[in-house]
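> Dropping a prediction and its sequence here:
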Amino acid sequence: MKLLITGSSGLLGLNLALDAMTTHEVIGVDRAKLKSPPFPIVNADLLTEGEVDRILDQTQPQWVIHCAALANLEDCESDPDLAHRLNADLPRALAKACEASGIQMVQISTDAVFDGTKSGSYEESDAPNPVSVYARTKLEGEQAVLEASPNAIVARVNFYGWSLGGRRSLAEFFYHNLSNNKSMTGYTDVIFCPMHVRHLGGVLLAMLEKKLRGLYHVVGTQPMSKYQFGVEIARRFGMNAGEISPRSINTSSLIAKRANNLYLSTDKLSTDLGLPIPSFSTGLDLFYQQYQEGYPQKLRSFAQ
Ligand SMILES: NC(=O)c1ccc[n+]([C@@H]2O[C@H](COP(=O)([O-])OP(=O)(O)OC[C@H]3O[C@@H](n4cnc5c(N)ncnc54)[C@H](OP(=O)(O)O)[C@@H]3O)[C@@H](O)[C@H]2O)c1
């Protein structure tokens with residue numbers, strides 16, 4: 001299939017493009033961040049008038065996985081207008097254009113649409129209640145996409161992996177600090193379900209192949225605190241977990257509010273997909289194996 005990936009310089013977009021190109025015809029959308037990637041790219045700022053239509057006309061994909069976003073929570077608080085244009089208006093425009101051309105779109109959303117006050121796990125049927133600009137704009141994007149294109153998939157995700165600049169994911173944050181023997185904080189009261197980005201990409205492609213549609217939680221199956229996640233990384237890399245101080249998120253100077261419990265159920269996904277979701281330990285092993293094989297350096301070689 002011909003697959004267009006927006007945000008192909010980002011953490012998800014780049015890893016997804018590199019993996020998907022082995023089985024599909026991949027075209028990335030880039031803002032001149034990539035240097036000679038092994039897949040073709042279209043250069044575009046997606047907020048420029050007319051670019052969405054131009055790119056779809058030029059590339060004629062069957063599938064679009066929309067990874068471009070303003071994904072940094074603090075940046076969203078400081079520029080809510082940009083957050084709204086990128087996280088809500090752009091997916092709406094893309095979904096309308098995809099629907100008009102019979103293209104199936106995947107909108108990448110976030111676990112952060114929930115306020116985190118539920119005990120236990122969140123199902124797709126639970127009411128969202130976003131607590132930050134980022135989460136509010138992403139929720140509006142979800143709703144706009146499903147309204148404009150009922151065949152679209154909206155995937156609420158949380159993932160980690162190696163990135164182009166080496167600083168994008170929480171796993172890289174722990175890895176860099178641990179490898180420099182720098183002490184860092186890990187939040188004990190923020191629960192999430194991290195999934196390795198390659199596993200996420202594989203599941204998204206399988207969902208498209210299976211012709212799923214609608215809202216899905218596409219996260220890891222094991223809930224843990226951010227502190228635990230850091231400790232797991234330290235152990236896997238044989239580094240000193242004692243450098244990570246367990247703290248409450250309430251002690252942080254972060255401006256964007258974070259929800260405490262983002263344990264999302266993947267029951268709907270595993271039932272509809274009919275495939276097992278890779279375990280956390282498989283993902284962590286893969287993260288370590290990629291490190292041993294020089295994958296972070298390979299990614300960095302694609303940076304302008
Ligand atoms: N990381 C996570 O754990 C996480 C968790 C939940 C949800 N998500 C969601 O997952 C998706 C991917 O996140 P990510 O972590 O891969 O984000 P990322 O690394 O920040 O990448 C964002 C991508 O969007 C591109 N972009 C931004 N503005 C653009 C514009 N005007 N025109 C064209 N491209 C533009 C960026 O291009 P430049 O490189 O040129 O800036 C970059 O390629 C997002 O929808 C995010 O909300 C991520």
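Ah, there it is.

> Residue of this protein nearest the ligand, please.
G10 (2.2 Å; C-beta to the nearest ligand atom). All C-beta spots, glycine's among them, are computed from the backbone N, C-alpha and C.

> Now do the closest residue to that residue other than its chain neighbours: how many residues are near it, please.
Once flanking residues are discounted, G10 sits nearest to C67: 5.6 Å by C-beta to C-beta, 6 or more residues apart in numbering. Using other C-beta atoms under 10 Å, C67 is surrounded by 27 other residues.

> Repeat that for N250.
9.

> Not including adjacent chain positions, what is the nearest residue to it?
D189 (7.7 Å).

> next one: the lengthiest helix in the chain to chain centre, how far?
Secondary structure of the chain per DSSP state H: the longest helix is helix 133-148. How far helix 133-148 lies from its chain's middle: 15 Å, per C-alpha atoms, centre = their mean, to the nearest Å.

> Please save the CA atoms from that helix in PDB.
Taking C-alpha atoms only, helix 133-148 is exported to PDB below (Å, rounded to 0.1, in the frame of the first residue of the first chain):
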ATOM      1  CA  VAL A 133      -3.900  22.800  26.600                       C
ATOM      2  CA  TYR A 134      -2.200  19.900  24.800                       C
ATOM      3  CA  ALA A 135      -4.800  17.400  25.900                       C
ATOM      4  CA  ARG A 136      -7.700  19.700  25.100                       C
ATOM      5  CA  THR A 137      -6.500  20.400  21.600                       C
ATOM      6  CA  LYS A 138      -5.700  16.700  21.000                       C
ATOM      7  CA  LEU A 139      -9.200  15.700  22.100                       C
ATOM      8  CA  GLU A 140     -10.700  18.300  19.800                       C
ATOM      9  CA  GLY A 141      -8.600  16.800  17.000                       C
ATOM     10  CA  GLU A 142     -10.000  13.300  17.800                       C
ATOM     11  CA  GLN A 143     -13.500  14.500  17.600                       C
ATOM     12  CA  ALA A 144     -13.000  16.500  14.400                       C
ATOM     13  CA  VAL A 145     -11.400  13.600  12.600                       C
ATOM     14  CA  LEU A 146     -14.100  11.100  13.500                       C
ATOM     15  CA  GLU A 147     -16.800  13.600  12.500                       C
ATOM     16  CA  ALA A 148     -15.100  14.400   9.100                       C
END
